[in-house]
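S.K.: just the structure for this:
(chains A and B)
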Amino acid sequence: MKKHLLLLAALGLWGMAVAATPSDTYVYLQSAVVDSLDPVQGYDGASNGIIENIYETLYSFKKDSLSEYEPTLATSYEVSDDGLTYTFHLRKGVKFHSGNPMTCEDVKYSMQRNLVVMPGDSGAWIFGSVLTGYGDDAMTEAKRALGDNASKAEIDQFLDQYWKKIEAAVTCDDMYTVSFHLAKPDVSFMARLLFTGAAVVDSKFAVAHGEWSGTEADWKDWIGRDLRTSYLHKHDAGTGPYKLVKWDGNNVVAEAFEGYWGGAPTIKKVLVQSVEEEATRLEALRRGDADRVDVNSWATVNAKVKQMSGVKVWSDPKWSPAGAHVVFFNFNVQGENNPYIGSGKLDGNGIPRDFFSDINLRKAFAYCLDQDAIYNDLFEGHGSWYTMALPPTWPGYDPDIPIRKLDLDKAEEYFKKAWGGKVWEKGFKLTITYNAGNTERQTVAEMIKANVESINPKFKIDIAPLQWSDYLKAARAKSLPIWPLGWGADYADSDNFIHPFYHSRGSLAKRQNFKDPEFDKLIDYARTLVKPEQQAERFEIYKKIGRMAYDVLPNIPYPLQSPFIITRDNLQGVYYNSMLSRDFYWKDISKK
Amino acid sequence: MLNYIIRRALQIPLVLFVLSLIIVGLMQLLSPQQRAAAFITSDKQIEHLDQIIEKYHLDEGFIVQYKLWAKEVLHGNLGFSRISKEPVTATVRKKLPASTELALSAFIPIVLMGIWLGTLAATHRDGLLDQVLRVVAIIGWSLPTFVVAIWLVAWVYGGLGWFGIGRLPNSLLIDLATGNFHPHTGMFTIDGILNGRLDVTWAALVRLVLPATALVIVVSAGIMRVMRSSMLDELGKDYVRTARAKGLPEGRVVYKHARRNALIPVITMAGPMLGRMIGGIVVIELIFNFPGLGEWAAKAALQLDMNTLLAFVLLIGLIMATVNLLVDIAYVVVDPRIRYE
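M.R.: Take a look at the predicted model:
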């Protein structure tokens, strides 16, 4: 027995001796699993968190700034007066990891590969919708345009047109000058080009390994294809400061690229590992076997992480996530036999379809949402306040707009005014829905129910959890009267919030039948301000929209959990950029 | 005997076929939307559910679904695993060795501990040692695997800093990925020797200690209990009394005569024990960050990855059926009175 104990002790000592990762190595344990390392396919944080370090785009984020872009594979650009052509001058002397030089052909190939394949579960629509005008792959668009019974000749004709648009979308003026030709002016085009999907791929290398040839000859074979089965899914063809060594499902190993144009980075080796169990990640952090780990909530940070020695919690009240969560009101509920509006009349057993078109009701409901409770109880005091449906750090956000907090007296006052006093007299019944399993939205729904029902016994609210897919389907069918939902940014332009939330044709506002010509006019005008020197004016317009939204109240923005980063305390150079999938570039960090 | 073995072996494909029908059938109980929703990795993709349904034929009926899968299987292809993002067969090749390494390293201690402690408890019947062992066994048998595993991770690894989790230390993982280490078997303990990298073998062994210990704790208690009662049975039998009467030393009586016979019920336990071990491995791999088949299958179950689940269930079915056959054969070896027709 003694012998065993000695052996155990020996093993133990040896184990302790290897704790703490080497100073040129960065080990990150994340909860999610990488989906694909192909820039066109990757559309989740885990995948793009790798891609953004092994590939590069023409411009990239300047550390934590969302409005200042840094020239990366391009050195400068200009926009034509009509806003339809963006011309980029490429950096010379950039080498891919294969050793091939980067030229305009690579930029063109990379963008056209998005437009050709357009996998439905990828972010390729971000480019398609502005360059070809199509948000889906060619076959899906053909079916949509021609119906299911179209002849082969008709489909071929459609595909030919589609290909011509792909061809025309990107052109090479010379070896180091590339032009993008937009279908219509788009103020967010620069921001879209920072999305990892636009990463420049080594075209010679990709074609040599069986990817799309870059020509019309085989483009049809690639339409809508699942890129997880082709070469770039697991192999790297980038110019980035790191090159992929190996990805075996759980572990991604990368090493510094010595031929990097911007100089080799300080951290030489990187290991990103998927570790499902939070407890396991935390112990590895405590032991120094990891430099950074994912932690799910502030509750865990407060209860477990803060006591650990040698660990740093990076957070800042000024940080906000790249998303906005709101409660939507429907101005004109649709759908036959709609189960969410009771009788469909203002008779105490339901609501009329245009119930929420009365501003008094929207205000009354807003005063029933206890935002302080969300902030303090749900996020343990670590939240970001939202005055409008735009992240507080984004240009165009106005922090001076007031926030309606819980005030049952005011709520009562507005309920009494609503519908000429009929709401107060007859009462109503409606259903708030949320996606099952989402505790934040469940809390919001329950909070509104409890507070509204406490004001008048004739007010009745039911709560119905729905499956994610059913929830979205119901929202898209415009059949929900009032529902909480979040929106995450696709690209770093404030238009990606302002338009969906506040324009009558915006993807979110149209689900609530919200239409206000004043909003539409301003948002449309802002979209024409494409020149760099016009941006200040554009952002002033967004502030104005925020102030208008406070009065009109098409939705109630509420707080989000504020972001945090958990690392060992010897890691330096950490910053938070909400549009980077993993908050910072590996090349910017080092160890003490 | 040979006849019997052949007949039993022929049943295995049938069992596997029925298993595959059950899994595909169970999947059909969920709506195509629910299954398609499992494909997406970010909220935004939910807008494309219809395309996903069409692409993977999720709205087709049971027969079409089964045919699609069976066609792939007949081509020697088990489909694409959404969990590991590569073909199922490629993942099995990587993960089976990991799980095997873990199972083997736990197996011998499990059997030895179970048999040794069971015998010890029986020979000290109702004594203090027996009482203590019985309590320990009940605790070991009733403790959920994840409790044991998390306790080992938090206290032994996190608190004391002993051993470590994962298959290899991170620095070695990076080192092996960049160097030219050839994975002959996929088991780091053996590959280390084959590559002349004894440090890898040693590191892999160190990392096996905690997960194997967790397995030993949750599995060997069951064997110990069976061993104890079966041993008590044997010790009360006439031949033992005779042996003692003719003056054989107690050690010989217990270890040579009684124990051999007491092992038969323990061998019967091999089937259920293997079941418990596989169940244990699933949880243990998840918690110890030991990427093997169990961890893979657990994620697949949560994300409705049919190809992965089918492969896992079929593999486990194959192992279970084979082990049960081996158990039947082992009876004959241990007890010559048993004959199969």
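S.K.: which residues of the stretch 201-341 of chain B score low on pLDDT?
M.R.: B:341 (pLDDT under 70).
S.K.: so which residues on it come close to chain A?
M.R.: Contact residues (Cβ under 8 Å from any Cβ of the partner chain) of the stretch 201-341 of chain B with chain A: B:V206, B:V209, B:L286, B:I287, B:F288, B:N289, B:P291, B:E295, B:K299. No exception for glycine: its C-beta is placed from N, CA and C like everyone else's.
S.K.: right, and the last one touches A:E277 too?
M.R.: No: using Cβ atoms under 8 Å, B:K299 and A:E277 do not qualify as a contacting pair, with a distance of 11.6 Å.
S.K.: on that earlier part again, closest to A:V33 out of the residues of the stretch 201-341 of chain B next to chain A?
M.R.: Closest approach to A:V33 among these (Cβ to Cβ): B:K299, at 7.6 Å.
S.K.: residues near the closest one, how many?
M.R.: For B:K299, the neighbour count with other Cβ atoms under 10 Å in any protein chain shown is 19.
S.K.: again with A:L346
M.R.: A:L346 is flanked by 18 other residues according to other Cβ under 10 Å.
S.K.: how about it, secondary structure?
M.R.: Recorded secondary structure, A:L346: coil (DSSP: H, G, I helix; E, B strand; the rest coil).
S.K.: give the contact list for it.
M.R.: Contacts for A:L346 (Cβ atoms under 8 Å, 6 or more residues apart in numbering or on different chains) come out as A:P352, A:F355, A:W419, A:K422, A:V423, A:K426, A:F428.
S.K.: next step: those restricted to helices.
M.R.: A:K422, A:V423, A:K426 (DSSP state H).
S.K.: nearest spatial neighbour of the second one, chain-adjacent residues omitted?
M.R.: Spelled out, it's A:V423. Residue nearest to A:V423 in three dimensions, not counting chain neighbours: A:F415, with 6.1 Å by Cβ to Cβ, 6 or more residues apart in numbering or on different chains.
S.K.: again with A:S357
M.R.: Leaving aside its sequence neighbours, A:S357 sits nearest to A:F331 (Cβ to Cβ, 6+ apart; 4.9 Å).
S.K.: how about the stretch 51-200 of chain A: which residue is closest to chain B?
M.R.: Using Cβ to the nearest Cβ, A:G120 is the residue of the stretch 51-200 of chain A that sits closest to chain B, at 3.6 Å.
S.K.: tell me, how many residues neighbour that residue?
M.R.: So A:G120, with other Cβ under 10 Å, has 21 neighbours.
S.K.: just B:G271 next, same as before
M.R.: Using other Cβ under 10 Å, B:G271 has 16 neighbouring residues.
S.K.: tell me which element it falls in.
M.R.: B:G271 belongs to helix B:270-287 when assigned by DSSP states H and E.
S.K.: so, low pLDDT: which residues of the stretch 1-150 of chain B?
M.R.: Scanning the stretch 1-150 of chain B with the threshold set as pLDDT under 70 gives B:41-46.
S.K.: try 90
M.R.: Applying pLDDT under 90 to the stretch 1-150 of chain B flags the ranges B:1-13, B:15-16, B:19-20, B:22-90, B:94, B:104, B:107-115, B:123-126, B:134, B:136-146.
S.K.: please enumerate the helices of it.
M.R.: For the stretch 1-150 of chain B, the helices defined by DSSP state H, counting those that start in this stretch cover B:2-28, B:32-37, B:49-55, B:62-74, B:88-123, B:128-142, B:145-151.
S.K.: enumerate the positions of the second one that are buried.
M.R.: Going by neighbour count (16 or more other Cβ atoms under 10 Å in any protein chain shown), the buried part of helix B:32-37 is B:P32, B:Q33, B:Q34, B:R35, B:A36, B:A37.
S.K.: packing partners for that helix?
M.R.: In terms of contacts (3 or more Cβ pairs under 8 Å, 6 or more residues apart in numbering or on different chains; DSSP states H and E), helix B:32-37 is packed against helix A:468-476, helix B:49-55.
S.K.: buried ones among the contacts of A:L346?
M.R.: Buried members of these, scored by 16+ other Cβ under 10 Å, are A:P352, A:F355, A:W419, A:V423, A:F428.
S.K.: OK, contacts around the residue nearest to the last one when sequence neighbours are not counted?
M.R.: In this structure, A:F428 finds its nearest non-sequential neighbour in A:I351, 4.9 Å apart by Cβ to Cβ, 6+ apart. Residues in contact with A:I351, defined by Cβ under 8 Å, 6+ apart, are A:V333, A:I341, A:G342, A:G344, A:K345, A:F428, A:K429, A:L430, A:P481.
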